[in-house]
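# Whatever this is, show me its structure:
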Amino acid sequence: MSENFKMIAKTFYGFEDVLARELLDLGAQKIEKGLRNVSFYGDKGFLYKSNLCLRTALRILKPIFHFKFKDIEDYYKNINNFKWEELIDVDSSFVINSVVFHSKTFNNSKFASLKAKDAIVDRFRDTFKKRPDVSSSNPDLKIEIHVNRNLCSISIDSSGYSLHKRGYKKYNSHAPLNEVLAAGIILMSGWDKKSDLLDPMCGTGTILIEAAMIARNIAPNLNRSFFAFEKWKDWDEDLFELIEKSVLGKIVDFDNKLYGFDISLSMIKKAEKNIEISQVDVDIEVLTKDFLKSSKEDQDDLFIIINPPYDKRISADVKSLYKSIGDTLKNNYQFSDVWIITANLEAIKSVGLKTSKKIKLFNSNLESRLLNYKIYPGTKKVKN
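Residues are numbered from 1 along each chain as shown. Modelled structure (predicted):
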């Protein structure tokens, strides 16, 4: 049995608590929350499992060493002294991504990456008379460097391309909702999977598909074609298949209704195709319908998640739209638990309903709010 080691799961701002709970449920050890990341311990099998199963992680890093440095030469020497030949061969390829904070040595991240590349290449050339290539296209090893003042931490990326790329969203919109963001919103909302869920502005179906996977306990990255760890020297295909089989065995049934509206027929057609590709095996109904002219069906309770236009990438009269959303909810969707995600912090005031919760998030680089409204008879409009 392999030994436990430290890993770091990267996420969006505001999802650290949700990600930590996911890791705890998966069986991670020594969980510690950071800013946009959560560190934890597990073995090689858990590395595979976390990449397959974590819904709110963007990538999983494996730290390999860290050091203090005095200057550029000292930085080069520490990286050159590391036994890189244990991770890649001379005929392999690698790429380096660096971030630099508060450093007197490096005034930009590209220079930190360049010096690290020189140190690695020189080690191979001096030892083997050959060197691995640097390639940003499907490299054998992705190296992540984090410099903060005179401290350097080096990790290897086990995921490859971002884990939000589940493999099902082949058809997109002009303003797509990130899959990790969608899953995080659903988990943060506390949806108990016992009530129907409506996305009344569903676009290409991301929220509905993520909800279906959560409801059925389907690991989000089962459809991914590739993980970076598959190119590592210690890649264990038998172990991965064992983990994958275990994950598949934990899928459950779901009988409640998931449905969505969109005013655009082309969006609905894209949503239908993405739902089919996702293979969630849940009856998700998507309809070409204007939410502002709709009413709640005959449900005792209804869970609603709305991702309306922000007027950032989509042109819309957002204040009028948001007021209409509030009116529609108050008049036509009583006994509903409603969550709205938006980056338009001014327009959201036009909804005019009293919020139960306000949570600060980021949608990419857009500061956003996730707001909760409990819609019951007598729900009051608030003055703006």
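# Can you give the domain ranges for this protein?
5-157, 179-217+227-375 (automatic domain parsing).
# Distance to Lys165 and mean neighbour count added to those domains, as JSON lines?
Yep, even glycine has a C-beta here, placed from its N, CA and C like the rest. Formatted as JSON lines, those follow (distance: least, Cβ to Cβ, whole Å; neighbours: other Cβ atoms under 10 Å):
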{"stretch": "domain 5-157", "distance to Lys165": "10", "mean neighbour count": "18"}
{"stretch": "domain 179-217+227-375", "distance to Lys165": "7", "mean neighbour count": "18"}
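# right, so of these, which gets closest to Tyr168?
Closest to Tyr168 of the domains of the chain, according to Cβ to Cβ: domain 179-217+227-375, at 3.8 Å.
# Please produce a markdown table containing the domains of the chain, extended by mean pLDDT and distance to Ser173.
Converted to a markdown table, the domains of the chain look like this (pLDDT from 0 to 100; distance: least, Cβ to Cβ, whole Å):
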| stretch | mean pLDDT | distance to Ser173 |
| --- | --- | --- |
| domain 5-157 | 97 | 20 |
| domain 179-217+227-375 | 94 | 5 |
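# Can I get those domains in a markdown table including distance to Tyr168?
Listed next are the domains of the chain as a markdown table, based on distance: least, Cβ to Cβ, whole Å:
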| stretch | distance to Tyr168 |
| --- | --- |
| domain 5-157 | 13 |
| domain 179-217+227-375 | 4 |
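# out of those, nearest to Asn172?
domain 179-217+227-375 (5.9 Å).
# Can you give the distance of that closest one from its chain's centre?
Distance of domain 179-217+227-375 from its chain centroid, counting by Cα atoms, centre = their mean, to the nearest Å, is 14 Å.
# So for that domain, first residue to last residue, what's the gap.
27 Å (Cα to Cα, to the nearest Å).
# repeat for stretch 22-41
14 Å.
# what does that stretch contact?
The contact list for stretch 22-41, computed with Cβ atoms under 8 Å, 6 or more residues apart in numbering, reads 4-13, 16-17, 19-20, 42, 46, 49-50, 53-57, 187.
# Which of these fall within strands?
Mapping those onto strands (DSSP state E) picks out 5-10, 42.
# which residues does Val18 contact?
56, 184, 187-188.
# Report the two of the residues you listed separated the most.
In the contacts of Val18, the most distant members under the criterion Cβ to Cβ are Thr56 and Met188, with 8.9 Å between them.
# Spit out the residues that contact these two alike.
Shared contacts of Thr56 and Met188 (Cβ under 8 Å, 6+ apart): 15, 18.
# if we can go back for a sec, in a markdown table: the ones in strands among the contacts of stretch 22-41, plus distance to Leu287.
Shown next, in a markdown table, are these (distance: Cβ to Cβ, whole Å):
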| residue | distance to Leu287 |
| --- | --- |
| Phe5 | 49 |
| Lys6 | 47 |
| Met7 | 42 |
| Ile8 | 42 |
| Ala9 | 36 |
| Lys10 | 36 |
| Gly42 | 43 |
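# Looking at the residues you listed, which is nearest Leu321?
Nearest to Leu321 among these, counting by Cβ to Cβ, is Lys10 at 33.4 Å.
# Go ahead and confirm the closest one touches Leu58.
Yes. Counting by Cβ atoms under 8 Å, Leu58 is a contact partner of Lys10 at 4.6 Å.
# Quick check: neighbours shared by these two?
By Cβ under 8 Å, 6+ apart, no residue touches both Lys10 and Leu58.
# Can you tell me which of the ones in strands among the contacts of stretch 22-41 is nearest Ala215?
Nearest member of those to Ala215, counting by Cβ to Cβ, is Ala9, at 22.8 Å.
# excluding its backbone neighbours, what's nearest the closest one?
In space, and not counting its chain neighbours, Ala9 is closest to Ala57: 4.2 Å by Cβ to Cβ, 6 or more residues apart in numbering.
# was I right about the one you found contacting Ile8?
No. With contact defined as Cβ under 8 Å, Ala57 does not count as touching Ile8 (9.6 Å).
# before we move on, back to that, Leu242: which of the contacts of Val18 is nearest?
When these are compared against Leu242 (criterion: Cβ to Cβ), the nearest one is Thr56, at 24.6 Å.
# My read is that that closest one contacts Leu19, right?
Yes. Using Cβ under 8 Å, Thr56 makes contact with Leu19 at a distance of 4.6 Å.
# Need the overlap of contacts for those two.
Thr11.
# check contacts around the residue nearest to Ala9.
Counting by Cβ under 8 Å, 6+ apart, Ala57 touches 9-11, 19, 22, 50-51, 163, 180.
# Likewise for Lys142?
94-95, 97, 156-157, 160, 228.
# Please confirm that it is located within a helix.
No. Looking at Lys142 with DSSP: H, G, I helix; E, B strand; the rest coil, it is strand, so not inside a helix.
# Who is the nearest residue to it once chain neighbours are set aside paired with across the strands?
Once flanking residues are discounted, Lys142 sits nearest to Asp157: 3.8 Å by Cβ to Cβ, 6+ apart. Beta-bridge partners recorded for Asp157 (DSSP bridges): Leu61.
# Contacts only, for Asp157.
Asp157 sits next to 59-61, 97, 142-144, 228 when contact means Cβ under 8 Å, 6+ apart.
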